[in-house]
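**Student:** Based on what follows, work out the 3D shape:
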Amino acid sequence: MGPPREPRQSRGTLWRYYLLLFSLLMAAVNTGNNLLYLVFSIMIAVGAVSFVAAGRALRRLETVLRLPDEAVAGRPFLLGVEAAAGPGTAPAPWAEATLRGLPVELPALLIPALPPGGRTVICVQARAGRRGVHRSFGLGLRSRYPFGLFQRTKITPSDAAMIVTPRRFPIQSIEIAPPTNQGQLRALRVGEGAELFNIRDYTTQDDARRIDWKASARLHRPMLKEFEKETERALDLVLDERAADGAAAHDFERLVETAASILDHCAEKGIFARLIVPGEAGGCGALSGREAISYLAEASARPGAASPGDLSSGDVSAPRIVLSLHAGAATPLLVHWAGEGDHP
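**Tutor:** Residues are numbered from 1 along each chain as shown. Alright, predicted model coming up:
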């Protein structure tokens with residue numbers, strides 16, 4: 001059974017109350033009827049009690065906004081409002097909570113009546129519409145307790161911060177045009193690989209499945225095949241942050257979403273991917289994992305940004321993808337998205 005719902009009130013209710021008070025006052029003055037004066041006094045007292053009680057109710061209610069540290073734009077996440085009633089003998093009545101400063105649109109959350117010292121958490125599913133680092137949240141409380149005549153409000157600031165990372169779309173595969181496509185780089189050292197490196201005598205510590213039976217029959221002793229070990233697959237990703245003439249804001253947003261999707265795809269496939277970003281004094285830095293995604297959350301097109309050709313990761317062995325709005329700067333690549341129409 002859910003919490004009781006607050007009766008829906010409008011400003012018309014208060015105006016009708018004022019009109020009734022004025023009508024009773026005029027009738028009492030014109031007729032001199034003491035009963036009308038008594039009814040008028042009672043209604044004034046009811047209004048005063050409603051105004052004071054609503055304010056005291058909000059003062060007895062403490063609320064805290066609970067947000068995740070990170071969310072993905074377009075994907076649902078849970079946020080909560082923790083409410084607690086102050087100590088004493090009187091309960092904290094119901095109230096409505098509204099969130100301010102969030103990049104989401106949510107209806108008012110109903111906080112049920114709480115006993116003295118009681119506590120509850122109201123959770124709701126939300127979706128962030130845009131990426132970025134969002135701060136300066138506020139939690140607004142309003143109550144019309146107990147008669148619904150006067151609405152009192154209370155604003156509780158929150159020091160919470162939430163990072164909304166770019167939208168990500170599932171990728172099936174990526175094809176990079178030469179000469180950037182270097183495939184899996186191999187080093188000449190023993191390990192698990194596909195290319196034959198050496199044939200040597202078999203020992204009891206070796207895996208019998210690697211015995212070369214043809215060489216063993218020819219040399220009349222067990223011989224073992226050794227293979228080249230493949231190095232860790234790596235990829236460098238560069239987001240060209242230079243503003244392009246005639247490019248709309250959603251064009252750069254599409255580049256950011258593509259970059260985030262490629263980083264997610266690499267993490268899923270076991271590829272070590274780095275985001276190459278401009279640094280101080282013309283240098284650059286390499287970010288990976290959550291640091292790279294967090295950087296993309298705040299990335300923006302900047303007229304004075306460095307050119308991708310001026311950025312060097314220090315590792316020329318890894319293939320590089322440049323995402324750019326400038327003709328000739330972007331790396332020719334073909335991205336096969338997992339869902340039809342589900343891509344930036």
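**Student:** can I assume V29 sits in a helix?
**Tutor:** Yes: the assignment for V29 (DSSP: H, G, I helix; E, B strand; the rest coil) places it in a helix.
**Student:** can you map out the helices along the stretch 51-200 of the chain?
**Tutor:** Per DSSP state H, counting those that start in this stretch, the stretch 51-200 of the chain carries no helices over any range.
**Student:** Show me the shaky parts of it.
**Tutor:** 177-197 (pLDDT under 70).
**Student:** Distance of T98 relative to L114?
**Tutor:** To L114, T98 is 18 Å away according to Cβ to Cβ, to the nearest Å. (Each C-beta comes from the backbone N, C-alpha and C, glycine too.)
**Student:** Repeat that for Y37.
**Tutor:** From Y37 to L114 the distance is 39 Å (Cβ to Cβ).
**Student:** With R16 instead?
**Tutor:** Distance, R16 to L114, using Cβ to Cβ: 31 Å.
**Student:** Which one of those two is surrounded by more residues?
**Tutor:** L114 (20 against 11; other Cβ atoms under 10 Å).
**Student:** and that one, what is it in contact with?
**Tutor:** The neighbours of L114, taking Cβ atoms under 8 Å, 6 or more residues apart in numbering as the test, are 61, 83-85, 91-92, 120.
**Student:** please redo it, this time with the cut-off set to 6 Å
**Tutor:** 85, 92 (Cβ atoms under 6 Å, 6 or more residues apart in numbering).
**Student:** what bridges to it?
**Tutor:** A92 (DSSP bridges).
**Student:** can I see the domain layout of the chain?
**Tutor:** Recorded structural domains for the chain (assignment: automatic domain parsing) are 1-164, 171-182+232-337, 187-230.
**Student:** Show the pLDDT at D240.
**Tutor:** Here the pLDDT value assigned to D240 is 88.
**Student:** Would you mind naming the residues that bridge with the most centrally placed residue in the chain?
**Tutor:** Nearest residue to the geometric centre of the chain (Cα atoms, centre = their mean): A71, 1.8 Å. Judged by DSSP bridges, the bridge partners of A71 are V164.
**Student:** Mind pulling up the pLDDT for M1?
**Tutor:** At M1, pLDDT is 34.
**Student:** I meant G12, not that one.
**Tutor:** 59.
**Student:** Repeat that for T231.
**Tutor:** Reported pLDDT for T231: 50.
**Student:** Any idea how far stretch 211-226 is from the middle of the chain?
**Tutor:** When distances are taken as Cα atoms, centre = their mean, to the nearest Å, stretch 211-226 is centred 58 Å away from the chain's centroid.
**Student:** neighbours of R200, just the number please.
**Tutor:** 14.
**Student:** ok, for it, nearest residue in space, not its chain neighbours?
**Tutor:** The shortest distance from R200 to any residue other than its chain neighbours is 5.7 Å, reached at L224 (Cβ to Cβ, 6 or more residues apart in numbering).
**Student:** Next: G55.
**Tutor:** R152 (4.9 Å).
**Student:** pretty sure that neighbour contacts A53?
**Tutor:** No: taking contacts as Cβ atoms under 6 Å, R152 lies outside contact range of A53: 9.0 Å.
**Student:** more neighbours, the two?
**Tutor:** Shown here are R152 and A53; by other Cβ under 10 Å, R152 has more neighbours (20 against 17).
**Student:** what's the spacing between that one and P91?
**Tutor:** 17 Å.
**Student:** How about I293?
**Tutor:** Counting by Cβ to Cβ, the gap from I293 to P91 is 45 Å.
**Student:** Between the two, which is the more surrounded one?
**Tutor:** I293 (23 against 15).
**Student:** Can you list phi and psi of the more buried one for me?
**Tutor:** phi -70, psi -40 (degrees, to the nearest 10).
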